[in-house]
Structure formats: structure tokens, C-alpha cells
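**Q** Sequence first, predicted coordinates after that:
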Amino acid sequence: MALLVLANPAPLHAEEEDHEKKALEHLEEAIRSGKEGNIKGISSHTEEGKKELIEANKEHPYTNLQKPIYGEHERAEHDKEAFEEMDEAIGEAQEGHVEEAVEAVERASIHLKEKIDSK
């Protein structure tokens, strides 16, 4: 049974994709919340998106590069940028800066989409 699980990594890859899609959905909700002026929604949806992305990275952690050469690890670069933008969005939301928070979430969303597309 263990050999079957080890020999078939597809379920892990599918699970990673599910978490990435859920993270993207949360970021889209955060953007909608921000456009409606709901600052708590920005923060909470961004936090949920971040949690989903952390789950996606449990099997394949992209944020710790051993050779940080630009362009060589495209998924890792987008992953790192997405986390940085989510952190910025949460900080801006906590400070009450709706427009800046929405802009940071939009950038995080773009990086996450680019990460997903770079498979």
C-alpha cells in the first residue's frame, strides 16, 4: 500500500492545485471586499488565502531557495512575491488603508496566477 502512494504522486499534486485555487478565490474575495469598502473582509480573506497557500506548499516549499538566481525558479519567485504582497495587504488593511490593501491583494493575485501558470 505504501508503495502505491509513493509511486503515484498525482493526488498530492491535485491537492496542491486545490489549495492554490482556494487561495486565489480568497484573494478575489478580498479584492471584492476592498472595492466595497469592507476592510475587515480584505484582511480576513487575505489571511485565509495565505493559509491555503501555506497548505499548498507543505509538500513543495517554494519560498526557501538554495540558489536564488532570477528566472531559474519561476514558481518560487512568484510564491515569494505572493506572500510578500499578502503580508503587505494585511498590514495596510490593519492600518485602515483600503486602496493600498486592495492594490497589494491584486498584486498577490497576479503572482499567484503566474505561479499556477508556470507549472
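**A** Right, received. Where do you want to start? Residues are numbered from 1 along each chain as shown.
**Q** Quick check: chain neighbours aside, which residue is closest to residue 115?
**A** Nearest residue to residue 115 in three dimensions, chain neighbours excluded: residue 78, at 3.6 Å (CB to CB, 6 or more residues apart in numbering). C-betas here are computed from N, CA, C, even on glycine.
**Q** correct me, but that neighbour touches residue 112?
**A** Yes. Contact criterion CB atoms under 8 Å: residue 78 and residue 112 qualify, at 7.1 Å.
**Q** So if I had to pick from the two, which one is more boxed in?
**A** residue 112 (27 against 21; other CB atoms under 10 Å).
**Q** Render the CA-only coordinates of the host helix or strand of the more buried one in CSV, please.
**A** Using DSSP states H and E, residue 112 sits within helix 98-117. Extracted C-alpha coordinates of helix 98-117, given in CSV (Å, rounded to 0.1, in the frame of the first residue of the first chain):
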residue,chain,number,x,y,z
VAL,A,98,-8.3,50.3,1.9
GLU,A,99,-6.9,51.4,-1.5
GLU,A,100,-3.3,50.3,-0.7
ALA,A,101,-4.6,47.0,0.7
VAL,A,102,-6.6,46.3,-2.4
GLU,A,103,-3.7,47.1,-4.7
ALA,A,104,-1.4,44.7,-2.7
VAL,A,105,-4.0,41.9,-2.9
GLU,A,106,-4.3,42.5,-6.6
ARG,A,107,-0.6,42.1,-7.0
ALA,A,108,-0.6,39.0,-4.8
SER,A,109,-3.4,37.5,-7.0
ILE,A,110,-1.3,38.2,-10.2
HIS,A,111,1.7,36.5,-8.7
LEU,A,112,-0.4,33.5,-7.6
LYS,A,113,-1.9,33.2,-11.1
GLU,A,114,1.6,33.4,-12.6
LYS,A,115,2.8,30.7,-10.2
ILE,A,116,-0.1,28.4,-11.1
ASP,A,117,0.5,29.0,-14.8
